[in-house]
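Asks: predicted structure and sequence below. I'll ask about it afterward.
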Amino acid sequence: LDPRPVSRTTTTTCGYCGVGCSLRVHVRDDEVAAITPVHGAPVNRGHACIKGRFAHAFTRSRDRLTTPLMRRGGRDSPLEPASWAEALTVVATRLAEIRDRHGPDAIGMISSARATNEENYLAQKFARAVLGTNNVDNCSRLCHAPSAVGLTASFGYAGGTNSVDDLDGTDCILIAGANPTEAHPVIGARIKQLVLRGARLVVIDPRRIDLAEMADVHVQATPGSNVAVFNGIARVLLDEGYADEEFLRPRASGLAELTELLRDYPVEQAARLAGVQPETLTMAARLYGTARRPAIVYGLGITEHAHGTDGVRTLANLAILKGAVGTPGCCGVLSMRGQNNVQGASDMGALPDMLPGYQHVTDPDVRARFGQSWGVDVPDRPGLRILEMFEAAIAGRVRAMYVIGEDIAQTDPDSGNVRKALAACDLVVSHDLFLSRTAQLADVVFPAVSFLEKDGTFINFDRRVQRVRPALTPPGQAKPDFDILQLLARTMGADLGCPTPADAMAECAALTPTFAGISHARLDRDGPLHWPCRAADQPGEGRLYLDSFATPDGRAALAARPYLPPGEQPDAAFPYVLITGRRLVHYNSGSMSRRTPNIELRPREVLDLHPDDAARLRLTDGDLVEASSRRAAVTFSVHLTDTVAPGQMFTAFNFPETPTNALTSDVTDTVTGCPEYKLTAVSLRPV
Ligand code: SF4
């Protein structure tokens with residue numbers, strides 16, 4: 001241990017997961033000496049996990065990008081260091097050429113859930129005001145787009161209904177399709193404490209996750225059966241008198257249609273579709289139905305399906321039937337966002353159909369307001385979603401892809417198709433910390449900075465806007481995405497305005513009613529604020545809808561949605577189901593966590609396989625197996641565990657050497673285009 005005192009300490013927000021823990025970063029010689037959680041911080045209350053506390057060595061990794069890189073001799077030439085002026089000029093010139101020759105919609109921009117709100121605000125402004133296209137999207141498309149659409153349709157706003165603080169009052173937690181112990185560890189720990197203090201726990205998950213061990217009931221439903229499960233529980237709530245008639249009559253719509261649909265979902269039928277015992281489903285319903293203040297916590301196991309939006313809507317039905325949302329003391333519905341700022345990237349309008357605050361681009365009044373401020377005509381036609389951009393690139397309609405801080409060649413589904421799309425483009429630009437798989441395929445790479453080196457705000461999973469402050473000096477010539485976009489716009493002869501992140505938030509607040517009361521000065525003075533926050537003298541709203549829901553008729557909307565089978569189904573050729581998700585010590589592409597001591601705890605990816613399946617294939621722990629889907633084959637080392645059900649397996653996508661997403665399905669949610677990451681049909685062959 002270095003005995004010298006630290007030279008400075010900065011309070012900021014964790015850049016790994018969507019919990020948004022407040023951290024104190026202690027720095028010596030411009031390197032992180034230690035990170036400690038902020039005691040008394042509202043979200044993490046003095047706790048932080050192994051990623052937030054210890055996974056910071058990547059900031060000073062020798063392979064950080066420190067200069068722009070570009071290919072001077074075409075696609076087959078190597079990436080070479082370049083000056084900022086040279087790289088910016090090349091990108092500006094080629095983007096302008098492509099825009100002028102093929103039209104603005106020949107350019108696609110992917111913004112980042114790793115970037116700040118201010119950077120996302122600027123990215124969508126750059127796309128719309130400088131390039132002239134709505135082809136801008138962010139990785140919430142690949143995780144929580146069904147939450148944004150589903151929660152808006154059910155309740156009014158594209159976020160969870162309550163503050164995480166409300167969990168303190170719950171007497172029953174229903175967790176569906178989320179594994180907080182690994183993906184959101186501080187929340188996982190808080191849920192354990194609540195259960196130890198007496199709260200009942202219902203876990204709905206195809207895997208026996210850690211929290212299932214202490215659950216009152218574990219509904220181990222087959223992947224893709226969420227809608228059947230929730231319809232079955234809803235039917236029990238109605239049949240056994242747990243629905244809150246006094247709430248439903250004035251405050252909800254759609255009860256007659258839902259009641260009619262649920263005639264088809266007696267608990268035996270729902271249980272059959274989900275592959276569980278009817279008694280298990282009934283018990284889950286009774287626990288939720290008898291609770292005074294039940295809470296719903298859900299994650300990507302609900303959204304990343306072919307019918308992910310239906311999953312969100314039918315889960316929201318349970319809270320509405322029970323009157324457990326929009327009422328005093330309620331705990332509502334919390335959607336566990338994955339990456340640190342996946343909520344904020346969408347809130348800031350990095351979406352092909354929405355300007356900041358989910359204001360639709362097809363609304364002429366909205367376009368006029370933004371257009372007047374920006375001095376341009378905002379394009380009115382919704383742009384392409386991420387996966388549509390790839391298809392358009394392969395078809396020759398998109399000629400340039402501009403990717404900010406996402407390793408799409410490793411993390412997006414059917415990654416072979418992603419590579420094909422990038423190869424088809426005339427220009428690929430990447431902002432990254434490292435030479436990621438995507439950066440390796442780019443024509444120009446701009447060296448970006450991490451959350452420990454930038455200024456702005458993130459929004460966590462309970463709609464809390466929190467400050468991000470630079471603790472370290474960026475290495476070499478690396479720059480924040482914010483500065484790169486400003487420089488590029490200027491090189492293209494445009495001016496994005498907003499010279500600082502605080503100015504960008506101020507501009508966003510002036511144009512976006514739900515953010516009108518939020519400013520950096522206020523956050524610095526008063527601490528985090530929930531949106532909506534409509535005026536500088538109003539507190540943000542942690543618990544929503546106490547007066548009325550934000551739907552057109554002011555009522556919560558029950559949704560009658562039938563169970564539909566998943567997009568991809570196992571068959572004789574591909575008889576197993578692969579589920580993908582998160583591991584505790586690594587994060588997403590692993591580009592940050594793999595460059596920290598966390599790598600010693602999990603040095604490679606493994607495939608979790610049930611011992612019965614392993615015995616059938618004559619595999620033992622550590623053996624190699626080739627998993628093949630309809631798209632590709634990947635070799636894994638197997639890890640035998642009965643936390644996965646027979647016929648199912650689980651892995652993550654943290655290692656480029658084990659490209660899990662070469663396997664994953666190109667099926668998407670029928671409403672939002674979110675990929676069906678949670679269900680890929682595969683075959684297995686011992687290697
Ligand atoms: Fe960071 Fe999430 Fe861990 Fe908190 S729980 S320290 S936000 S990774």
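Replies: Cool, got the structure.

Asks: show me the contacts for Pro575.
Replies: Gly647, Ala681, Ser683 (CB atoms under 8 Å, 6 or more residues apart in numbering). C-betas here are computed from N, CA, C, even on glycine.

Asks: what about it, distance to Asp621?
Replies: Distance of Pro575 to Asp621, given as CB to CB, to the nearest Å: 22 Å.

Asks: now do His520
Replies: From His520 across to Asp621, the span is 52 Å (CB to CB).

Asks: likewise Gly554?
Replies: Counting by CB to CB - Gly554 and Asp621 are separated by 57 Å.

Asks: repeat for Ala573
Replies: Ala573 is 27 Å from Asp621, by CB to CB.

Asks: neighbour count winner among these two?
Replies: Asp621 (13 against 10; other CB atoms under 10 Å).

Asks: just the pLDDT at the more buried one, thanks.
Replies: Listed pLDDT for Asp621 reads 97.

Asks: and if you look at Leu1?
Replies: 68.

Asks: tell me how many other residues crowd whichever residue of the stretch 401-550 of the chain sits closest to the ligand.
Replies: Relative to the ligand, the nearest point of the stretch 401-550 of the chain is Asn460 (7.6 Å; CB to the nearest ligand atom). Using other CB under 10 Å, Asn460 has 28 neighbouring residues.

Asks: next one: the one 4 residues further on
Replies: Applying the criterion other CB under 10 Å, we find 26 residues in the vicinity of Arg464.

Asks: ok, it touching His530?
Replies: Yes. Counting by CB atoms under 8 Å, His530 is a contact partner of Arg464 at 5.4 Å.

Asks: mutual contacts of the two, please.
Replies: Residues touching both Arg464 and His530 (CB under 8 Å, 6+ apart) are Ser163, Gly540.

Asks: so which residue of this structure comes closest to the ligand?
Replies: For the chain, CB to the nearest ligand atom, closest residue to the ligand: Gly52, 2.2 Å.

Asks: re the thing from before, among the contacts of Pro575, which one has the most neighbours?
Replies: Ala681 (20 neighbours).

Asks: ok so, going back, quick one: what helix or strand has the spatially closest residue to the residue of the stretch 401-550 of the chain closest to the ligand that is not a sequence neighbour in it?
Replies: With sequence-adjacent residues excluded and distances taken as CB to CB, 6 or more residues apart in numbering, Asn460 is closest to Gly20, at 2.8 Å. Gly20 belongs to no helix or strand when elements are defined using DSSP states H and E.

Asks: OK, contacts around Met214?
Replies: By CB under 8 Å, 6+ apart, the contact set of Met214 is Lys192, Val195, Leu201.

Asks: okay, those in JSON lines with pLDDT next?
Replies: Below are the contacts of Met214 laid out as JSON lines (pLDDT from 0 to 100):
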{"residue": "Lys192", "pLDDT": "97"}
{"residue": "Val195", "pLDDT": "98"}
{"residue": "Leu201", "pLDDT": "98"}
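
Asks: now, which of those lie within helices?
Replies: Mapping the contacts of Met214 onto helices (DSSP state H) picks out Lys192, Val195.

Asks: please enumerate the helices of the stretch 551-687 of the chain.
Replies: Shown for the stretch 551-687 of the chain, the helices assigned by DSSP state H, counting those that start in this stretch span residues 611-616.
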